[in-house]
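S.K.: Return a 3D structure for these sequence lines:
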Amino acid sequence: MEGNKDIKYYNRIKVVLAEQMRTNKWLAEQLGKDPATVSKWCTNSSQPGIELLFKIAEVLKVDAKDLLWSTKEFINR
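M.R.: Just a heads-up that it's a prediction; the model follows:
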């Protein structure tokens, strides 16, 4: 992964939104969340809780595991 090496990339929310041509604002509206909160998830500066992660997966119509980077990617870094 490129970017700041201090940031831990845990979720793929930004990637999935881009694949679906959706915006942070759209996801925030679907979840009733502040767009700034969704932005923090997309930059991995904060993480949604597990229950919310499942809700995000439901809204995006993906499997929850599709929103997470594989742990194997971290082991092989």
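S.K.: can we go C-alpha only for contacts and neighbour counts from here?
M.R.: Will do.
S.K.: what does the longest helix along the chain contact?
M.R.: If you go by DSSP state H, the chain has its longest helix at helix 50-60. With contact meaning Cα atoms under 8 Å, 6 or more residues apart in numbering, helix 50-60 is reached by 17, 27, 30-31, 63-64, 67.
S.K.: Those residues in strands, which ones?
M.R.: The strands, defined by DSSP state E, take in nothing from the contacts of helix 50-60.
S.K.: which of the residues you listed lies closest to Ser39?
M.R.: Closest approach between those and Ser39, by Cα to Cα: Leu27, at 9.9 Å.
S.K.: Let's have the contacts of helix 50-60 in a markdown table, adding distance to Asn44 and neighbour count.
M.R.: As requested, the contacts of helix 50-60 are exported to a markdown table (distance: Cα to Cα, whole Å; neighbours: other Cα atoms under 10 Å):
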| residue | distance to Asn44 | neighbour count |
| --- | --- | --- |
| Leu17 | 14 | 17 |
| Leu27 | 15 | 20 |
| Gln30 | 20 | 13 |
| Leu31 | 18 | 15 |
| Asp63 | 19 | 12 |
| Ala64 | 16 | 15 |
| Leu67 | 12 | 21 |
